[in-house]
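Trainee: return atomic coordinates for the entry below.
(one chain, ligands or ions: 2)
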Amino acid sequence: MTDRDSTGKPQALGYEARRILERVEVEGIDLIRFLYVDHGGVIRGKAASRPRLAERMRTGIGHTVAMMAMSMLDHLQEVAGMGPVGEIRLVPDPATFVPLPYAPGAASMICDLRELDGSPWAACPRTFLKDAVAELEAEGYAMIAAFEPEFTLGRRLPDPAGGPDRLVPIDDSLCYATTGFDQAHDFAIKLVRTLQSQGLGVEHYYPELGHGQQELSIRYAPALFAADRQVIYRETVRGVALRMAMWASLAPKPIPDQAGNGCHLHVSLWDRKHQHNLFSDASDRYGLSPLAYRFIAGVRHHLPALVALTCGTVNSYRRLAPRMWASAYNCYGMDNREAPIRICSPMAGSVAASTNLEIKPSDSSANPYLSLGAVIHAGLDGIRRGLDPGEAVDVDPATLSEAERTRLGAHRLPATLDEALDALEADELLMEALGPLRRNAYLAVKRSEAKDFAAEDAAFEAFHHFRVF
Ligand code: GLU
Ligand code: MG
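Mentor: Ligands and ions are numbered 1, 2, ... in the order given. Got it, this is the predicted structure:
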């Protein structure tokens, strides 16, 4: 950031920050939301008023340390270092500034969580991803990534039986069917235009399998910006729907008997100047370089633990089941949509550039910074240790015998959040990468969510997930 020195101390505002100050004047923006993502995966923040913005960009907005110990049910957990005493600063990155057309007069920026002296706080999730990116860079690599979210469009209606509100999908259209396009059109066109006005390049849009399910993908970007875009995207999808008296949910299974909402992660490693895709090798039968295979091996090796971060909620594990195209068995394969790691067939005319891996056990209830950062650590471990990913799988792994899956190492991924957290606690590399404060808080928050939802029924779970995500 241009407005901080190397120790993070506030300096005179840099060019980008000064441009934002001009923009808020010209565009009549009176509230600027300072956002961050917590350990529950919830996007939260505080807003600065226009007259205070210059100062708040320099100093940040004060915030209690305890909020990173808050669960998605707003149940505060006991975590050492995150009690009622102590303060951090929400310090925005001017590069993430976007106006919010669905909230006229408002804009947002995404923040780092900093200590009072300006240094990164040990529980800052954005710093976790930045550090992972820096480790990659030290090895000579840069990651290009895209989050590919699906969501359910509907209306939030009271349950006639007096239970929690229900998400009633906007349509019962068929997968990719044109009736679905028409029924969601007013929303879809508004969403596309809003995202594009915020600088997010829309790739594709279509109604998908579940009732009300929509998929709208955003162009790839360097890892940190890809995660920032996922935050902006989540905000915009929800905000546009609300403005149109609808309700959009990116929760993994907001309607238990409908298709789940994934958020597949597309990743590739490039040289530091972003000129060559180092995952591509035309001479290989799947078009992948040895580096890509080692990356796959690292992700496979850590996958049971990794899903605790990429599929972060209780609701995630309803989606992560066999025969859902969401992946359930630890394997990889060429265009295999039941494999957690799908080698994506590249596009004619841009074969080298479009080569990428799709990581399917990932959804929008994850904190995108922790999720992508952890994927980097896992892949990098595979690279550093020269791990072998084993054989690719070219069938639905659910159709294989148990013996065959065992031979391929295609073990069932964790079936519950608690199982995933057990695997995370046993994963030395990821625990070390998270560091003591962050991992204690993450585990406390997530264990509490597992416990709280276990005491309730499916309607309660669906409601609290579509309400938040
Ligand atoms: N909805 C599926 C999921 O939960 C993905 C379907 C697809 O391949 O687009 O991941
Ligand atoms: Mg899809």
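
Trainee: the residue of the stretch 101-250 of the chain found nearest ligand 1 in helix, strand or coil?
Mentor: The minimum distance from the stretch 101-250 of the chain to ligand 1, using Cβ to the nearest ligand atom, falls at Glu150 (5.3 Å). Yep, even glycine has a C-beta here, placed from its N, CA and C like the rest. Three-state assignment for Glu150 (DSSP: H, G, I helix; E, B strand; the rest coil): strand.

Trainee: and the closest residue to ligand 1 within the chain, how many neighbours?
Mentor: The chain approaches ligand 1 most closely through Gly262 (2.5 Å), counting by Cβ to the nearest ligand atom. Close neighbours of Gly262, defined as other Cβ atoms under 10 Å, add up to 28.

Trainee: cool, and Asn315?
Mentor: The burial count for Asn315: 29, using other Cβ under 10 Å.

Trainee: surely it is in contact with Phe460?
Mentor: No - with contacts defined as Cβ atoms under 8 Å, Asn315 does not count as touching Phe460, sitting 10.9 Å away.

Trainee: any idea which residue is closest to the centre of the protein?
Mentor: Pro368 (3.0 Å; Cα atoms, centre = their mean).

Trainee: which ones are touching that residue?
Mentor: Val37, Leu129, Phe147, Ala226, Ala227, Gln230, Val231 (Cβ atoms under 8 Å, 6 or more residues apart in numbering).

Trainee: re the thing from before, can you report phi and psi for the residue of the chain closest to ligand 1?
Mentor: phi -90, psi 180 (degrees, to the nearest 10).

Trainee: can you tell me how far it sits from Asp30?
Mentor: Counting by Cβ to Cβ, to the nearest Å, the gap between Gly262 and Asp30 amounts to 37 Å.

Trainee: try Ile20
Mentor: Counting by Cβ to Cβ, the separation of Ile20 from Asp30 is 14 Å.

Trainee: give me the more crowded residue out of the two.
Mentor: More neighbours surround Ile20 than the other of Ile20 and Asp30, with 22 against 16 (other Cβ under 10 Å).

Trainee: can you tell me the closest non-neighbouring residue to that one?
Mentor: Nearest non-adjacent residue to Ile20, counting by Cβ to Cβ, 6 or more residues apart in numbering: Phe97, 5.0 Å away.

Trainee: the stretch 251-400 of the chain: strands as residue ranges?
Mentor: In the stretch 251-400 of the chain, the strands defined using DSSP state E, counting those that start in this stretch lie at 263-271, 332-334, 341-344, 356-359.

Trainee: which among those is found nearest to Ala47?
Mentor: Of all these, strand 263-271 sits nearest to Ala47, with 26.4 Å by Cβ to Cβ.

Trainee: what about that closest one, distance to the chain center?
Mentor: 13 Å (Cα atoms, centre = their mean, to the nearest Å).

Trainee: with stretch 75-93 instead?
Mentor: 22 Å.

Trainee: just the endpoints, please. Distance across it?
Mentor: 29 Å (Cα to Cα, to the nearest Å).

Trainee: what pLDDT, on average, does it get?
Mentor: On average, the pLDDT along stretch 75-93 is 97.

Trainee: cool, stretch 27-34 as well?
Mentor: 98.

Trainee: residues of stretch 429-444 that come out buried?
Mentor: 429-431, 433-434, 437-444 (16 or more other Cβ atoms under 10 Å).

Trainee: same question, stretch 114-132
Mentor: For stretch 114-132, the neighbour count (16+ other Cβ under 10 Å) marks 114-115, 118, 120-132 as buried.

Trainee: please apply the same query to stretch 84-98.
Mentor: Residues of stretch 84-98 classed as buried: Ile88, Arg89, Leu90, Val91, Pro92, Asp93, Pro94, Thr96, Phe97, Val98 (neighbour count, 16+ other Cβ under 10 Å).

Trainee: got the residues you listed as JSON lines, with secondary structure and distance to Thr236 columns?
Mentor: JSON lines is the format used below for the buried residues of stretch 84-98 (DSSP: H, G, I helix; E, B strand; the rest coil; distance: Cβ to Cβ, whole Å):
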{"residue": "Ile88", "secondary structure": "strand", "distance to Thr236": "26"}
{"residue": "Arg89", "secondary structure": "strand", "distance to Thr236": "26"}
{"residue": "Leu90", "secondary structure": "strand", "distance to Thr236": "20"}
{"residue": "Val91", "secondary structure": "strand", "distance to Thr236": "23"}
{"residue": "Pro92", "secondary structure": "strand", "distance to Thr236": "18"}
{"residue": "Asp93", "secondary structure": "strand", "distance to Thr236": "18"}
{"residue": "Pro94", "secondary structure": "strand", "distance to Thr236": "19"}
{"residue": "Thr96", "secondary structure": "strand", "distance to Thr236": "13"}
{"residue": "Phe97", "secondary structure": "strand", "distance to Thr236": "14"}
{"residue": "Val98", "secondary structure": "strand", "distance to Thr236": "8"}
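
Trainee: so which of the residues you listed reach ligand 1?
Mentor: For ligand 1, no contacts are drawn from those by Cβ under 6 Å from any ligand atom.

Trainee: surely Trp248 is in a strand?
Mentor: No, residue 248 isn't Trp; it's Ala. Yes - assessed by three-state DSSP, Ala248 belongs to a strand.

Trainee: quick one: which helix or strand includes the closest residue to it other than its chain neighbours?
Mentor: With sequence-adjacent residues excluded and distances taken as Cβ to Cβ, 6+ apart, Ala248 is closest to Ala241, at 3.6 Å. If you go by DSSP states H and E, Ala241 is part of helix 223-243.

Trainee: and that helix, how far from the chain's centre?
Mentor: 10 Å.

Trainee: return the alpha-carbon coordinates of that helix using CSV.
Mentor: Only the C-alpha atoms of helix 223-243 are listed here, as CSV (Å, rounded to 0.1, in the frame of the first residue of the first chain):
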residue,chain,number,x,y,z
ALA,A,223,-4.5,-14.5,-6.0
LEU,A,224,-5.1,-11.6,-3.6
PHE,A,225,-7.3,-9.7,-6.0
ALA,A,226,-9.2,-12.9,-6.8
ALA,A,227,-10.1,-13.3,-3.1
ASP,A,228,-11.0,-9.6,-2.9
ARG,A,229,-13.3,-10.0,-5.9
GLN,A,230,-15.0,-12.9,-4.1
VAL,A,231,-15.8,-10.6,-1.2
ILE,A,232,-17.1,-7.9,-3.6
TYR,A,233,-19.1,-10.5,-5.5
ARG,A,234,-20.8,-11.9,-2.4
GLU,A,235,-21.7,-8.4,-1.3
THR,A,236,-23.1,-7.5,-4.8
VAL,A,237,-25.1,-10.7,-5.3
ARG,A,238,-26.8,-10.2,-2.0
GLY,A,239,-27.2,-6.5,-2.3
VAL,A,240,-28.7,-6.5,-5.8
ALA,A,241,-31.2,-9.2,-4.8
LEU,A,242,-32.2,-7.3,-1.6
ARG,A,243,-32.7,-4.1,-3.6
